[in-house]
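Enquirer: Turn this into a structure:
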Amino acid sequence: MGIFSRLKTLISSNVNDAINKAEKPEKMLNQLLIDMNQQLIESKKAVAMAIADEKKLEREALNQQTQSQEWERKAMLAVQAGKDDLAKEALLRKQEHDNNFVEYQKQWETQKASVDRLKESLRDLQNKIEEAQRKKNLLVARAKRAEAQQKIQSTISTMSGNKTAFEAFDRMAEKVDQMEAQAEAARELDDLTAGSNLEKRFAELEKSDTSADLMLLELKEKMKSLPDKSE
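Expert: Numbers count the residues shown, from 1 in each chain. Below you'll find the model as predicted:
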C-alpha cells in the first residue's frame, strides 16, 4: 500500500506548491493530471510486480505439492520392493515437501490478499483520475470566469476611484453642448440678417415705385395748367 501513500503525498505536495506559487488554474490542473497519470503508470508497474510475486509463490506451492506426491509414490515403490529403510527416507522427503507446501501456501494466500487490495486501490485511483480529467475543463471554465469577473471589478473600482477621467468627460460634454448652442445661434443670426435685407430691398423697391407715381401725377397736373398751343 506504500505506493499509494507516496502518490497521495506527491499530489498533495504539488497542489500546495502550485497554490503557493499562485499558478494559473489551467496550468496547475494540467500538471496535476500529468503527475497523477505518471504515478498511475508507476503504481501499475508495482502492482504488476506484486502479482508476479503472487504467481511465483503459487507455482512454488504447487511444485512442493507435486514433489510431495512424487516422494509418496517412491515410498510406495520401496515398500513394494521390501525396502522399508528406503521407504522411510522417501517419506521424510515427502514430509519436508509437505511442510514447504504449507509454508508457501500461507505466503501465497497472504500475497494474494495483498494483491487483491492493491488491485482495488488501483481501480479506485484510476477512477478518480478519470473523474479529475472530466472535471478539469469545468474547473478551468469556472476559473476563467472568476478571473474575468475579478478584472472587471478591478477596472470598475479603479475607474470609480479616478474621478479625473469622469470630470474630463463631463467637461467635454459641456464643451460640445456649448459648441452646438453657438452654431445654432449663428445660424439664427444668419437667417435673421437674411430676412432683414430682403425686407429692406422690397421696401426700397416700393418706395421707388411710389415716388415715380407721384412725380408722374404732378407732371400731368402741371401740363393741364399750361396754355394749349394748338389754339
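Enquirer: What mean pLDDT does the helix or strand that contains residue 177 get?
Expert: In this assignment (DSSP states H and E), residue 177 forms part of helix 163-225. The average pLDDT for helix 163-225 rounds to 71.
Enquirer: Quick check: longest helix in the protein by residues?
Expert: Longest helix of the chain, by residue count under DSSP state H: helix 84-161.
Enquirer: Give the other helices and strands that that helix contacts.
Expert: In this structure, helix 84-161 makes packing contacts with helix 2-20, helix 25-80, judged by 3 or more C-beta pairs under 8 Å, 6 or more residues apart in numbering; DSSP states H and E. Where C-beta positions appear, they are placed from N, C-alpha and C, glycine not excepted.
Enquirer: which stretch in those is the model least sure about?
Expert: helix 2-20 (a mean of 55).
Enquirer: Can you give me the pLDDT of residue 89?
Expert: On the pLDDT scale, residue 89 gets 95.
Enquirer: Closest to the centroid, which residue in the chain?
Expert: Centroid check for the chain by C-alpha atoms, centre = their mean gives residue 140 as the closest residue, at 2.3 Å.
Enquirer: Chain neighbours aside, what residue packs nearest to that one?
Expert: residue 26 (4.7 Å; C-beta to C-beta, 6 or more residues apart in numbering).
Enquirer: if I read this right, that neighbour contacts residue 138, doesn't it?
Expert: No: with contact defined as C-beta atoms under 8 Å, residue 26 does not reach residue 138; the gap is 11.8 Å.
Enquirer: Looking at these two, which is more packed in?
Expert: Neighbours per residue, other C-beta atoms under 10 Å: of residue 26 and residue 138, the larger number sits with residue 26, 15 against 9.
Enquirer: OK, contacts around that one?
Expert: 140, 143, 144 (C-beta atoms under 8 Å, 6 or more residues apart in numbering).
Enquirer: Would you mind giving these as CSV with distance to residue 85 and pLDDT added?
Expert: Shown next, in CSV, are these (distance: C-beta to C-beta, whole Å; pLDDT from 0 to 100):
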residue, distance to residue 85, pLDDT
140, 81, 79
143, 84, 77
144, 88, 81
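Enquirer: Any chance of TSV for those, columns distance to residue 173?
Expert: Conversion of those to TSV gives the following (distance: C-beta to C-beta, whole Å):
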residue	distance to residue 173
140	43
143	40
144	36
